[in-house]
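My questions concern the predicted model and sequence given below.
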Amino acid sequence: MCSMLNPTSLQPASAITAAATPARAPGRIYNFSAGPSFLPEEVIKQAQGDIWNVEGSGIGIMEHSHRAPLYDKVLAEAEADFAAISNMPKNFKVLFLVGGATSQNYMVPANLLGQSETADYITTGYWAERSFEHAQMYGHIHEAYSGKSTNYRSIPREDEIKYSSKPVYVHICSNNTIYGTQWHEIDASGKPTWHMRTPTMPDGAFLVCDMCSDIYCRPIDWSKYGVVYAGAQKNLGVAGTTVVAIREDLLERRPRELPEMLQYRVQAREHSRMNTPPVFPIYLCGQMFKWIIRQGGLDVIHKRNIAKAHILYGVLDASKFYKPAATPDSRSLMNVVFRCPTAALDDIFVKEAFAAGMDNIRGHRATGGMRVSIYNAMPDAGAKAMADFMREFERRHG
Ligand code: PMP
């Protein structure tokens, strides 16, 4: 497979190299993986040093006790920076948990839904389906919308969502990593404004959002949410911790007995330190939060993400060759999914892109084609390199 090859040993196809390979850090290629994914160079460099000796302690970050003052500082800064980046209100708690975002599929209903209560799920893709399925063990789980019949190519309009009579909460997935769709406000001409749209909620319900693949790609209006969760391995760092932001009053819901490790309330009380936490992934989240702050915050990051997405969707919109997966009103800022006219051309595209220094673009088996993930850390130059490559590929194969 492509990713087994050493790209530096390949002779890039002469027709595509000049435009497709602007400056990159030596020894690195553009990694468009859907996750785990590209990290900012300066974060990797900082971590390299800190793995050896962090803050002059003579001990590497992975070797420090999770009860040491150094880790107290790492954790306190990560919590504070996470909150500061998005002006998270004081009545929210941020937790750094384990078990991946997938564990939130059961932790959310186990902690928040009584056995005789109902929660509504809006299933806009594979991961949202998984959340819906895994929740079934607790309470009544109602599917308020399913995008399955239209191959998950868009986010539902308000009138397509059919809520149950009194859901405790509504669960959505803000960005569908596999299908390349994302919740957006839509302007009068039907185009996305790229600001988050949340569904209008039934009275009394709170919103639970899986933000795995788009957290901090844009500002967050916390007043819309009860719980937000995200595995760290896309916009926040590396696999190993899942960030959960939960409204404080929800910590008091106790619909059933649960082991302490699975209780949000206990994890909040213990500052995510019930047991030995994944120190390095949490440290790396902290470094990513500092990186976001250094970039100028979420408004700057959001503008940059819009610009990168325009570069790639511009190529798709101007092309009769490529077939985008998502409808224009629902297309994602993070995952650009498309295919060539044939599966054979998709294969050639993936191979030639790799030869030109761009890897991990094969689409998920559910969609086929390509998926180009341009999370926060992907520089403009990466999106431009891919766009140039796409135009040149179309010229040669179209
Ligand atoms: N939700 C979404 C939107 C995802 O993209 C993913 C992983 N790609 C998950 C959930 C599952 O995350 P994890 O592997 O951390 O359990």
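Sure, I can see it.

Provide the contact partners of stretch 123-138 at residue level.
Outside stretch 123-138, the residues that touch it by Cβ atoms under 8 Å, 6 or more residues apart in numbering are 101-102, 104-106, 108-110, 113, 115, 119, 121-122, 141, 143, 145-148, 152, 155-156, 171-173, 176-179, 181, 210, 212, 255-256, 364, 366. C-betas here are computed from N, CA, C, even on glycine.

Just the endpoints, please. Distance across it?
End-to-end distance for stretch 123-138: 18 Å, by Cα to Cα, to the nearest Å.

same check, this time on stretch 206-222
11 Å.

how distant is it from the center of its chain?
How far stretch 206-222 lies from its chain's middle: 9 Å, per Cα atoms, centre = their mean, to the nearest Å.

Rounded mean pLDDT for that stretch, please.
Per-residue pLDDT over stretch 206-222 has a mean of 98.

Could I get the buried residue list for it?
Neighbour-count burial for stretch 206-222, with 16 or more other Cβ atoms under 10 Å as criterion, is recorded at 206-220, 222.

what's the closest non-adjacent residue to the residue of the stretch 251-398 of the chain at minimum distance from the ligand?
Relative to the ligand, the nearest point of the stretch 251-398 of the chain is Asn335 (8.7 Å; Cβ to the nearest ligand atom). Take Asn335 and drop its neighbours on the chain: the residue closest to it by Cβ to Cβ, 6 or more residues apart in numbering is Gly180, 4.3 Å away.

Now do that neighbour: how many residues are near it, please.
For Gly180, the neighbour count with other Cβ atoms under 10 Å is 32.

Please apply the same query to Ala68.
The local packing of Ala68 (other Cβ under 10 Å) involves 14 other residues.

measure it to Asp346 for me?
Distance check for Ala68 against Asp346: by Cβ to Cβ, to the nearest Å, it reads 50 Å.

Just want the phi and psi numbers for Ser103.
With angles defined as degrees, to the nearest 10, Ser103 sits at phi -70, psi -20.

check contacts around it.
Applying Cβ under 8 Å, 6+ apart to Ser103 gives the contacts 97, 242.

Quick check: pLDDT value at it.
98.

what do you get for the one 10 residues further on?
The score at Leu113 is 98. That number is its pLDDT.

Then Pro26?
84.

Can you get me a residue count around it?
6.

That one in helix, strand or coil?
When classified by DSSP: H, G, I helix; E, B strand; the rest coil, Pro26 comes out as coil.

Quick one: name the residues of the stretch 101-250 of the chain near the ligand.
The stretch 101-250 of the chain has residues 101-102, 127, 173, 177, 210, 212-213, 231 near the ligand, with proximity defined as Cβ under 6 Å from any ligand atom.

and with 8 Å instead?
Counting by Cβ under 8 Å from any ligand atom, the residues of the stretch 101-250 of the chain close to the ligand are 101-104, 125, 127-128, 130-131, 173, 175-178, 210-213, 231, 233-234, 239, 242.

Show me which of the residues you listed are buried.
The neighbour-count test (16+ other Cβ under 10 Å) applied to those identifies 101-104, 125, 127-128, 130-131, 173, 175-178, 210-213, 231, 233-234, 242 as buried.

Helices - which of the residues you listed land there?
Here DSSP state H is the test, and those give 101-104, 127-128, 130-131 as lying in helices.

Let me see the residues that make contact with the longest helix along the chain.
Using DSSP H, we find that the single longest helix of the chain is helix 298-317. Among residues not part of helix 298-317, those counted as contacts by Cβ under 8 Å, 6+ apart are 85-86, 194, 216-220, 292, 295, 322, 324, 328, 331-334, 336, 338, 372, 374, 376, 378, 380, 382-384, 386-387, 390-391.
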